[in-house]
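Undergrad: Have a look; sequence and predicted model below, questions after that.
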Amino acid sequence: MCGIVGIFARSYVNQTLFDALTVLQHRGQDAAGIVTSEGNRFFMRKDNGLVNEVFRTRHMKRLVGNLGIGHVRYPTAGSSSSAEAQPFYVNSPYGIALAHNGNLTNAEQLADDIFRADLRHINTTSDSEVLLNVFAHELQQLGKLNPSPEDIFAAVAKVHQRCQGGYAVVAIITGYGVLAFRDPHGIRPLVYGQRIVNGQAEYMVASESVALDTSGFAKVRDIVPGEAIFIDRDGGLHLQQCTQQQMLAPCLFEYVYLARPDSIIDGVSVHESRMLMGVRLAEKVLKEMPNHDIDVVIPIPDTSRTSALEMAHTLGVTFREGFIKNRYIGRTFIMPGQTQRKKSVRQKLNPIASEFKDKVVMLVDDSIVRGTTSKQIIEMARDAGARKVYFASAAPEVRFPNVYGIDMPTASELVAHGRTAKEVGDYIGCDWMLYQDLDDLKSCVTQLNPAITAFDTCVFDGQYVTGTVDRAYLDRLEQKRSDDAKNPLNNADPDADIDSDTSADLHTRIE
Ligand SMILES: O=P(O)(O)OC[C@H]1O[C@H](OP(=O)(O)OP(=O)(O)O)[C@H](O)[C@@H]1O
Ligand SMILES: NC(=O)CC[C@H](N)C(=O)O
Ligand SMILES: [Mg+2]
């Protein structure tokens, strides 16, 4: 779940890209990058770090041009090396820079085909570099000196035929315009908006509508699954469906945890869906324990706040903030290693003892994935004097790997894998464990937009909507990306020697 943004404007886009990436920071904290384009030149800056660490004034000054794309990264493939920060660039055809949110499930096969059949070199282990090269190859095959929007859409159609998995993409084609497209299942979100400046239209495409809001763009609509949008160098807007196999199946976990609550994804307010999750949880409490003895409902900040408040309202029980969140620590779940995640929970959250002392507390979180947060939080609640600690999760048991852009590659790292709800409760140390039912969770979104009839729910039920994920792939993924396998990559940078050109500012002149 990286964050992506693309802009066509009538003046320099560097500051607006920076601002948009800042509000998409919750989607990726590992690396950030921007490419802008002026005339036939690209200007790139990307590196590991948060947005405000990667872009200093000297970098911003060099990012000139009225077209640009940006990316914040949370790795799901390859390494955390700065060489795999995005956007990626190829010089042929035309000069293309591309940024990607999602994960390709056939990246290995494609990388092989690209080398053997398309004679293209891939310099990293990133699936996004593979995607860029597939697109570049297909555009090159058309052999046009001046590609039309139809040519560009034809190349996107080929990408849909060759690439499997989840992908929302933004790209710049030097001298031609800004392109964005969404995979045929619409697994990862993508939305576009418009603003009028001095009587002329400007456009932004972004992972989440919050990026449009904060930069003064009015949301036009979501890009539909399989669709592509191209804004040419003169500001002409072109939209086209590029597949006949489209079926909307957005990732349900976006609503649970990934997205910001003030975003609207596929016509559904993330905030309102989280409110409904709280209502459904309360209904389940009343069904399973009609004479419950809960004194207070306490959220585990940040994401569960919305659901916890509505749960308390529906139960008619007091809602209290019992944990104070250190605002300078980022999201722990998307941190790269378990040691760092574990340490960060304690640095991030601290209890207010008086809210726990002698009380029966219902702690609410949006989800339990590895159990890193819940186990430590329950200990803190008991140390603070809670009489009993109940725990509710607004999402069902997370039992299966995600292969579409969330870094949950290994079933055995998931606390609910091979455990019943009761066993998870015992493991994390609570007196009662309550999980949302999957159908109830789905209804929290479909109630707000009945047109959504399917979801990517793989982490809950092991059903992979693309139909292309088999046991062998999951085994390979586990070998490559489990915490143990990733450790050496996180501790040392194997690409240190060949990294320097791509991680520094790259000024590419196309003669
Ligand atoms: O079971 P775990 O592996 O601990 O993962 C689940 C936890 O991680 C996330 O919080 P995070 O700190 O990432 O972000 P937040 O501040 O948005 O809640 C999520 O909201 C849960 O609290
Ligand atoms: N979380 C994502 O969307 C990751 C994008 C891409 N697969 C990468 O690892 O850089
Ligand atoms: Mg959390």
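TA: Now that the structure is in, tell me what you want to look at. Residues are numbered from 1 along each chain as shown. Ligands and ions are numbered 1, 2, ... in the order given.

Undergrad: where in the stretch 201-350 of the chain is pLDDT low?
TA: Applying pLDDT under 70 to the stretch 201-350 of the chain flags no residue at all.

Undergrad: which ones are touching the residue in it positioned nearest to ligand 2?
TA: Relative to ligand 2, the nearest point of the stretch 201-350 of the chain is I334 (8.5 Å; Cβ to the nearest ligand atom). C-beta coordinates here come from the backbone N, C-alpha and C atoms, glycine included. Residues in contact with I334, defined by Cβ atoms under 8 Å, 6 or more residues apart in numbering, are 1, 28-30, 74, 407.

Undergrad: check these against ligand 1, which are close?
TA: Among those, no residue is within reach of ligand 1 (Cβ under 6 Å from any ligand atom).

Undergrad: Give me the buried subset of the residues you listed.
TA: 1, 28-30, 74, 407 (16 or more other Cβ atoms under 10 Å).

Undergrad: List, one by one, the residues from the chain near ligand 2.
TA: Residues of the chain lying near ligand 2 (Cβ under 6 Å from any ligand atom): 1-2, 73-78, 86, 100-103, 126-128, 405.

Undergrad: Just those: which are in strands?
TA: Among those, the members falling in strands are 73, 100-103 (criterion: DSSP state E).

Undergrad: most neighbours, which of these?
TA: Within these, N101 tops the neighbour count with 31 neighbours, counted by other Cβ atoms under 10 Å.

Undergrad: isn't R221 right up against R182?
TA: No - R221 lies out of contact with R182 (Cβ atoms under 8 Å); the separation is 11.8 Å.

Undergrad: Those two: which is more packed in?
TA: Taking other Cβ under 10 Å, R221 and R182 do not tie; R182 has more neighbours (31 against 12).

Undergrad: If the more buried one is in a bridge, with which residues?
TA: A168 (DSSP bridges).

Undergrad: Just name the closest of the contacts of I334 to ligand 1, please.
TA: Checking the contacts of I334 against ligand 1 by Cβ to the nearest ligand atom gives Q29 as the nearest, at 9.6 Å.

Undergrad: coming back round to it: how much space between the residue of the stretch 201-350 of the chain closest to ligand 2 and V415?
TA: Separation of I334 from V415 (Cβ to Cβ, to the nearest Å): 17 Å.

Undergrad: before we move on, what about D47?
TA: 34 Å.

Undergrad: tell me the helices in the stretch 201-350 of the chain, going along the chain?
TA: 209-214, 252-253, 270-288, 305-315, 338-348 (DSSP state H, counting those that start in this stretch).

Undergrad: returning to what we had before: sitting in helices, which of the buried ones among the contacts of I334 do you find?
TA: Secondary structure defined by DSSP state H assigns none of those to helices.

Undergrad: what's around the closest residue to ligand 2 within the chain, how many residues?
TA: Nearest to ligand 2, among the residues of the chain, is C2, at 3.6 Å (Cβ to the nearest ligand atom). Using other Cβ under 10 Å, C2 has 27 other residues around it.

Undergrad: Next, the contact list for the closest residue to K342 other than its chain neighbours, please.
TA: Counting by Cβ to Cβ, 6 or more residues apart in numbering, the nearest residue to K342 once its immediate chain neighbours are dropped is T372, at 5.6 Å. When contacts are counted by Cβ under 8 Å, 6+ apart, T372 touches 332-333, 338, 341-342, 345.

Undergrad: pLDDT at T372, what is it?
TA: We have a pLDDT of 89 for T372.

Undergrad: For it, give its distance to L414.
TA: 11 Å.

Undergrad: go on, L281?
TA: Applying Cβ to Cβ to L281 and L414 gives a distance of 21 Å.

Undergrad: between these two, who's got more neighbours?
TA: Per other Cβ under 10 Å, whichever of L281 and L414 has more neighbours is L281, with 29 against 22.

Undergrad: can you map out the strands along the stretch 101-250 of the chain?
TA: 165-173, 177-182, 191-197, 200-206, 218-222, 227-232, 237-241 (DSSP state E, counting those that start in this stretch).

Undergrad: now the ones you listed as a markdown table including distance to ligand 1?
TA: Output for the strands of the stretch 101-250 of the chain, formatted as a markdown table (distance: least, Cβ to the nearest ligand atom, whole Å):
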| stretch | distance to ligand 1 |
| --- | --- |
| strand 165-173 | 20 |
| strand 177-182 | 24 |
| strand 191-197 | 21 |
| strand 200-206 | 19 |
| strand 218-222 | 23 |
| strand 227-232 | 29 |
| strand 237-241 | 33 |
